[in-house]
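*Asks:* make a model of this:
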Amino acid sequence: MELLQLFDSDYEKIRVSGFESRYLPFSQLKNYLDDNFPEKISLGKSFLGNDIFHLKIGTGNRNILAWSQMHGNESTGTRAMFDVLELLKLENNWSETILKTFTFHFIPMLNPDGSTLYTRRNASGIDLNRDFTQESSPEIKILKEFVKNYQFEYLFNLHDQRTIFNTENLPQTATLSFLAPAADIQRSMTDTRRNVMSVISYMNTHLQKYIPGKIGRFSDEFYPNSTGDNFTQMEIPTILFEAGHYPNDYQRDHTRKYNALAILLALDAIQQNKNFGTEGYFDIPQNGKMFLDVVLRNVLVKSSHSESLLDIGIYFQEQLNTKTHEIEFCAVIEEIGDLSNYFGHLDLDKKGQIFVGKSTIYPVFEEVADFSVGNIHFDNGKFIY
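*Replies:* Below you'll find the predicted structure:
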């Protein structure tokens, strides 16, 4: 397949440097665009007055739009899209066909204020992905107005998902998940959804060669005020991309690569004007929520009166260090007890080793981890192993 040969041979060459961190604030984006996309235009201003930029590539009469960082702390799609744009600039038959077929539009940071603050919501506290009907935010108004002014054949809605997601009941991380959003509470099978399912089927077939078993199907529960559901209701095919965890990849550099490939495969599928069916879509296992970042099994907790053999589950909460401008991961006790229905990205049997807390003799649910078990140490949320 021409695209996969191109991706395998050239991705590492065109991968954009300087975007290795999950933290991608507006100032960094603007500096990059100033240097590399001087033709960019501003579609309007965010709540705090930052520009919401628009880029486009290609000369085709079929229009596709991708947007990312609708949630400010979800940057993997932005970083992947910059790689996609660089690959499309290469001189080869596949890229030239795509650019002659499509005009590919990109809004790289719909929520510039939240991106700088490293928050899901915008500066006034609104979740843009739940503001479609109310239109309380300037950012969602800008997106809706832009979509209204074009006849888009497809929309790509780029997000990140948490490390908790697995595929079905398996100990496989959901490195990428996709969704053909529903247009109603009945989750009706409309032609618009079928078109999206067909494209996702094609994407999944080829992605399995790279990340076998690590692709999930996101929940299609209908949200009446969310973006994808409403655009689907308007009969605009919308693909939800969710970038998740890859083993030992908390900055999502590996995930970024496969996310870029997923976007390219979507373009490849749409360009072919073929029906790839919906069966492959439903063959993708549904997302589960069975992962914790660390699971310590068979930990002995003792008091002067009793003792318990139990499991401790840790979740890493992401926090922005405002001095270093780096993302730090604070370990929090997420679950205690029988965790046989959970998997750990790090999963250790402590075989009766004793819990030694710094302030308590027992683990405390939802408290910052500050304890040791054998050679595993948590120092006020910092994991030492």
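*Asks:* from now on I want contacts and neighbour counts done on CA atoms only, so please keep to that.
*Replies:* OK.
*Asks:* if I look at Glu318, how far off is Thr116?
*Replies:* Distance of Glu318 to Thr116, computed by CA to CA, to the nearest Å: 14 Å.
*Asks:* and those two? Which one has more around it.
*Replies:* Using other CA atoms under 10 Å, the more surrounded residue of Glu318 and Thr116 is Thr116, with 20 against 14.
*Asks:* find the residue at the geometric middle of this structure.
*Replies:* In the chain, the residue lying closest to the centroid (CA atoms, centre = their mean) is Asp160, at 1.7 Å.
*Asks:* excluding chain neighbours, what is closest to it?
*Replies:* Ala243 (4.4 Å; CA to CA, 6 or more residues apart in numbering).
*Asks:* how close does that neighbour get to Asp347?
*Replies:* Counting by CA to CA, the gap from Ala243 to Asp347 is 22 Å.
*Asks:* ok now stretch 138-149, how far from the chain's centre?
*Replies:* What separates the centre of stretch 138-149 from the centre of its chain is 22 Å, taken as CA atoms, centre = their mean, to the nearest Å.
*Asks:* now that stretch: mean pLDDT?
*Replies:* The pLDDT scores in stretch 138-149 average 98.
*Asks:* surely the residue nearest to Asp160 meets Gln161?
*Replies:* Yes: using CA atoms under 8 Å, Ala243 is in contact with Gln161, at 5.8 Å.
*Asks:* those two: who's more crowded?
*Replies:* Between Ala243 and Gln161, Ala243 has the larger neighbour count (other CA under 10 Å), namely 28 against 18.
*Asks:* that one: what's it in contact with?
*Replies:* Thr76, Gly77, Leu158, His159, Asp160, Gln161, Thr175, Leu176, Ser177, Thr255, Arg256, Asn259 (CA atoms under 8 Å, 6 or more residues apart in numbering).
*Asks:* 6 Å instead, please
*Replies:* Listed by CA atoms under 6 Å, 6 or more residues apart in numbering, the contact set of Ala243 reads Asp160, Gln161, Leu176.
*Asks:* redo those as CSV? Include secondary structure and pLDDT.
*Replies:* Converted to CSV, the contacts of Ala243 look like this (DSSP: H, G, I helix; E, B strand; the rest coil; pLDDT from 0 to 100):
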residue, secondary structure, pLDDT
Asp160, strand, 98
Gln161, coil, 98
Leu176, strand, 98
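*Asks:* which positions within whichever strand or helix holds Lys141 qualify as buried?
*Replies:* Per DSSP states H and E, Lys141 falls inside helix 138-148. Neighbour-count burial for helix 138-148, with 16 or more other CA atoms under 10 Å as criterion, is recorded at Pro138, Glu139, Ile140, Lys141, Ile142, Leu143.
*Asks:* Asn157 bridge partners, please.
*Replies:* Trp67, Leu240 (DSSP bridges).
*Asks:* wait, isn't it in contact with Pro237?
*Replies:* No: using CA atoms under 6 Å as the test, Asn157 is too far from Pro237 to be in contact (10.6 Å).
*Asks:* higher neighbour count, the two?
*Replies:* Comparing Asn157 with Pro237 by other CA under 10 Å, the one with more neighbours is Pro237, at 24 against 21.
*Asks:* would you confirm that the more buried one contacts Thr192?
*Replies:* Yes: under the criterion of CA under 6 Å, Pro237 makes contact with Thr192 at 5.3 Å.
*Asks:* what ranges do the strands span in the stretch 201-350 of the chain?
*Replies:* Here the stretch 201-350 of the chain has its strands, by DSSP state E, counting those that start in this stretch, at 215-217, 238-243, 287-288, 291-302, 307-321, 326-337, 343-349.
*Asks:* so can I have a markdown table of those strands showing mean pLDDT and distance to Ile126?
*Replies:* Converted to a markdown table, the strands of the stretch 201-350 of the chain look like this (pLDDT from 0 to 100; distance: least, CA to CA, whole Å):
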| stretch | mean pLDDT | distance to Ile126 |
| --- | --- | --- |
| strand 215-217 | 98 | 26 |
| strand 238-243 | 98 | 20 |
| strand 287-288 | 98 | 26 |
| strand 291-302 | 98 | 28 |
| strand 307-321 | 98 | 19 |
| strand 326-337 | 97 | 22 |
| strand 343-349 | 98 | 32 |
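*Asks:* gap between Gln271 and Tyr210?
*Replies:* Distance from Gln271 to Tyr210, by CA to CA: 22 Å.
*Asks:* can you pull out the helices in this protein?
*Replies:* Ranges of helices within the chain are 2-14, 26-36, 76-88, 93-101, 112-117, 138-148, 191-207, 227-233, 253-272, 279-283, based on DSSP state H.
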